[in-house]
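# Okay, here's the prediction I keep looking at, along with the sequence it came from:
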Amino acid sequence: MAQLTEERWRQLEELYWDAVKLDEGDRAGFVLRVTDPDLQRELRGMLAQRGSAGQNIIQAIAGVAISAVPHESAGSENWTGRRFGQYQVYA
């Protein structure tokens, strides 16, 4: 694999942000059009991490929220501004 110089990192970063703006179906084609195999591989890895990291965060927040809500009062309160550990609920 080629070294990620500052210039190549800028290219990869630009490709990444262009890719995340696209729908899932368009994203795959976009990645395939990257002609540099090393940049393509790095871009695939970054996009894969983005998806799994987002799901892990969502699952962690949901778990904390579910465990903090007494079942009999679920849905009866305004949760805006309430904190769960380091997370805060926004409207």
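That came through fine. Since the model is a prediction, treat every value here as computed from it, not as a measurement.
# Show me which positions of stretch 79-91 end up buried.
By neighbour count with 16 or more other C-beta atoms under 10 Å, stretch 79-91 contains the buried residues residue 84. Backbone N, C-alpha and C define where each C-beta goes, glycine included.
# in this protein, which spans are helices?
Under the criterion DSSP state H, helices of the chain are mapped to 6-20, 24-32, 37-68.
# Compare the ones you listed and say which comes out lowest on pLDDT.
Comparing mean pLDDT across the helices of the chain, the weakest is helix 37-68, with a mean of 74.
# Run a quick neighbour tally on residue 40.
Using other C-beta atoms under 10 Å, residue 40 is surrounded by 16 other residues.
# Let me see the contact set for the closest residue to residue 83 other than its chain neighbours.
Of all residues not flanking residue 83 in the chain, residue 89 sits nearest, at 7.7 Å (C-beta to C-beta, 6 or more residues apart in numbering). By C-beta atoms under 8 Å, 6 or more residues apart in numbering, the contact set of residue 89 is 79-83.
# now with 7 Å?
By C-beta atoms under 7 Å, 6 or more residues apart in numbering, residue 89 lies in contact with 79-82.
# just residue 47 next, same as before
Applying C-beta under 7 Å, 6+ apart to residue 47 gives the contacts 19, 27.
# Distance of it relative to residue 21?
Counting by C-beta to C-beta, to the nearest Å, the gap from residue 47 to residue 21 is 12 Å.
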